[in-house]
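In: The amino acid sequence is not available; the structure is as follows:
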Ligand SMILES: Nc1ncnc2c1ncn2[C@@H]1O[C@H](COP(=O)(O)OP(=O)(O)O)[C@@H](O)[C@H]1O
Ligand SMILES: [Mg+2]
């Protein structure tokens, strides 16, 4: 086959990129080589549009054992242990086939974690769908949730939290971001560096089929249109059972008695064999030679091109010590997995692949990796932020009935209980789950210690659309507040930056702003970014999604028994508000749900204040003062208070009597989404100590009421039985989904 | 006493079960591998939760042919105590060691939540530390937990007092709402006619510690220990102060 | 008068069928080496009433496309036979 | 020379079929009131080689009884057809 610039264009490369390939090689590439370039230079693998920005993120700190650059980041949590975590997108595959797309997304992120030698102990997921009324939303939601559950439950890793949001901006491009956290002894983290000239390269796990050729890499690197629906790649089907075997076998191989056999290990994710071999060689400063005819195949007739680009799941690439082949094979035999030597490490820093004695690829490594194109894409702030989107509070009528407004909010898709989602996830397996889904952050005990990690994923894309910088800062702040509300001190961040096409200057501006926000917020909180993922081209027929920088944050509790949950615990406790109420309604759920408007500026945020709030709450939790803690987020104070009353899965709801003095519009007071606020409940006798801590950290504190009875009363504005609140909140999602369903 | 916890490929709760027995209850645990043809001398074999062999085709369908299952069958036939939790229960049904079958939940979806189960019979090897009518608070997590059997079998189960646990509300009332998966007769756990094999869908091993999931699950394990202490080997009965004090 | 429709839903060729693979593996272990390949799909029986055969065929095809099969990864086919009044 | 075996596994009459019920319900909601009943089972295709037809039949029945169907809740039937060498 003669390769021309047209072939390159059909592979998603540009004419300039093709020219660069030819001049690098001094010849035309083979079709296999072109395939290799196309995936390695895809946005997904090369980060060509985002790289320059990401360099500015704070990635170091005393606890950082591994920053960005490996399969996942690692944080030292003391006692000789490290946690390894990362978040990744699987957006397009999940839109094409929600069940398998989401399932294989979970599979991929799990492999990124155990590839580092860590045993995965917790999964989270961040999901965004179109309007709940969009005809495909119910089908997509059902498929995605059962796919995530199916995979995680079967592999046996607890899914302990996440977020779900609905917005018409995702009608044609949903987001499925999966997060996994694992634990490993701090001195036993594995890395993916192919070293030792002559060392064998082994292929383990499932056989290679024609799954997702040009799948994740190209799908995630080109926008979606009607045509791609017909050009559908063969969908990747996940096999969580094989993943479980692979997980156990790999961890067995990485255990102290065996690990001397292993030099490097990496999963075959997007761009499969190509990216795993190339990246391992690049990190090791070596080359790799592969005999593609030795790759185990699922069906006859798979071509070398397909073998190189296949995205079949549940496969790993290993570099082992010479002479260790049989020992390694024995481990995989035990778990009924295939393990085959398919190549070796070379000194010449080239990727060389043969197929039936024919050389099909012979490329220098550097142009595929470190020297891949990097683009400074044009950046332009969108002009004339629509005057109509300005919010004049004076024009907004106040609700006639505040009780009605609160009930309406509690049952609305973005605020109602997520129980319908998370009850499909095994949150118990592993035995460490201290705080299950349903509270601000999940808390999981670290095996063999009294410590626990807390984790959360957060983003409010409505804010990010109006102001991507402030929106991202707010997402980081919300994540930190969610951790603090659980009693944990934030220690590390991962992130998944979901945006439209980087070829659009406005999208690049959103991206630039978001990364700047991420950087500033992480610096302010002193939490490093240790891993992450960029997902561009989230658009359909020219319409980009709202910028969605999802923040995954991890915190530590030195004493797991000091964890805090968000719901009230007992009659007579004082209800305390930390932080200050402001007259802000911009971008709120209240505007959207009650007034059917999406407008206004973003809530004001001050990172120094946020930092002090976090410190105060963590200190109070540490001293055991907090009976409950809940951050105020979407829905504002009234929704947060209602959640404190009704959100316990195991105990019956409790009422509260609250008095608020805002001195401004009651709807802004009840439903405004001002930042830096937290609702605590505290035993009366601990109030004095709580005040001292608040004063020390310079955080405004007011006692706003008491846990009491079976009604939530807020001044003379709100008075509802908690049973009614609970009913509205718990049934919101199932009711919205009722009706015709997909299978 | 000595326990064997079996690991099938795809078992997920094997480590947790062993952890509870060893670290929380002070028992001796041997780990058995699905390819083993025999089990060490033990007093009880546990088939744990998970997705043995991926639960492909039907839950437990492939696992019942694992070599270790021949040993389990022999052990049970000799009167040995066998406990099957969730996937273990499914395997025991497929293997014919327990009557009935477990099919897809009534609502079809996988379901992870806390349930209450009422102790129907406290005069068993598995519930003697409870009283009849006691209500236990335990988690379930399964997609195929709907217990079915034909009419004759159900009658025989009733007549033979083989129904050990039923789903109920917190007050012990058996109601349709309290039944999480549509199981016939709200059956959550059954034993065989001889009384030495017991399977249940809820997970006692995830309810043995105050910090993670409560402590009601201990009663199942402590019952087995107590029974073994009485009948099998009184000398190895645990000193209960250690066993009973939670964290 | 009514119709019995039998619908066969199978994984598309090329799509991984982990279930079939597991069953094949297990049959080998049970001593059936002659089993060279296993694919597992769904089999549905639908009883249709008050429609003509032509209409039943057209509508069944729509049901398959809309709900019964997942066209991204599955193929389907069906047969329709007359049955007595139910 | 080999055999293609088609195995149909269906829920026994009287045994709950929650999936069939749900699909029927969805079909009604999608505007197919003519669907009076839905039962969902499994459809397996096995490729058998190096056996005679008689032997294939006998052995397939054994596979069904042993593994492919659970006789407590399911019925099965199968057909065998010759296929060219694969
Ligand atoms: N997709 C999901 N998977 C698992 N748990 C979820 C998911 N979405 C939400 N949850 C859980 O539901 C609870 C409420 O979520 P959310 O309202 O997003 O919390 P917050 O506003 O505090 O971030 C949390 O405990 C969260 O972990
Ligand atoms: Mg929160």
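Out: Now that the structure is in, tell me what you want to look at. Quick caveat, the model's predicted, so the values are computed rather than measured. Numbering: from 1, shown residues only, chains lettered A, B, ... in the order given. Ligands and ions are numbered 1, 2, ... in the order given.

In: what pLDDT does the residue of chain B found nearest chain D get?
Out: Minimum separation of chain B from chain D (C-beta to the nearest C-beta) falls at residue B:101, amounting to 4.6 Å. Every residue, glycine included, has its C-beta placed from N, CA and C. Here the pLDDT value assigned to residue B:101 is 97.

In: Tell me how many other residues surround it.
Out: Residue neighbour count, defined by other C-beta atoms under 10 Å in any protein chain shown, stands at 24 for residue B:101.

In: Could you give the number of residues near the residue lying closest to residue C:41 once chain neighbours are set aside?
Out: Excluding the flanking residues, the one nearest residue C:41 by C-beta to C-beta, 6 or more residues apart in numbering or on different chains is residue C:10, at 3.7 Å. Neighbour count for residue C:10, taken as other C-beta under 10 Å: 21.

In: Show me what whatever helix or strand residue C:10 lives in packs onto, helices and strands only.
Out: Counting by DSSP states H and E, the element that carries residue C:10 is strand C:2-11. If contacts are counted by 3 or more C-beta pairs under 8 Å, 6 or more residues apart in numbering or on different chains; DSSP states H and E, strand C:2-11 sits against strand C:35-49, helix C:53-63, strand C:74-83, strand D:35-49.

In: Buried ones in the last one, by neighbour count?
Out: By neighbour count, with 16 or more other C-beta atoms under 10 Å in any protein chain shown as the criterion, the buried positions of strand D:35-49 are D:35, D:37-49.

In: Pipe these into a markdown table and attach pLDDT and distance to residue A:152 per row.
Out: Below are the buried residues of strand D:35-49 laid out as a markdown table (pLDDT from 0 to 100; distance: C-beta to C-beta, whole Å):
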| residue | pLDDT | distance to residue A:152 |
| --- | --- | --- |
| D:35 | 96 | 34 |
| D:37 | 93 | 35 |
| D:38 | 95 | 30 |
| D:39 | 95 | 31 |
| D:40 | 96 | 25 |
| D:41 | 96 | 28 |
| D:42 | 96 | 25 |
| D:43 | 97 | 28 |
| D:44 | 97 | 28 |
| D:45 | 96 | 30 |
| D:46 | 97 | 31 |
| D:47 | 96 | 33 |
| D:48 | 96 | 36 |
| D:49 | 94 | 38 |
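
In: Would you format these as JSON lines with distance to ligand 2 included?
Out: Converted to JSON lines, the buried residues of strand D:35-49 look like this (distance: C-beta to the ion, whole Å):
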{"residue": "D:35", "distance to ligand 2": "44"}
{"residue": "D:37", "distance to ligand 2": "47"}
{"residue": "D:38", "distance to ligand 2": "42"}
{"residue": "D:39", "distance to ligand 2": "45"}
{"residue": "D:40", "distance to ligand 2": "41"}
{"residue": "D:41", "distance to ligand 2": "45"}
{"residue": "D:42", "distance to ligand 2": "44"}
{"residue": "D:43", "distance to ligand 2": "47"}
{"residue": "D:44", "distance to ligand 2": "48"}
{"residue": "D:45", "distance to ligand 2": "50"}
{"residue": "D:46", "distance to ligand 2": "52"}
{"residue": "D:47", "distance to ligand 2": "54"}
{"residue": "D:48", "distance to ligand 2": "58"}
{"residue": "D:49", "distance to ligand 2": "60"}
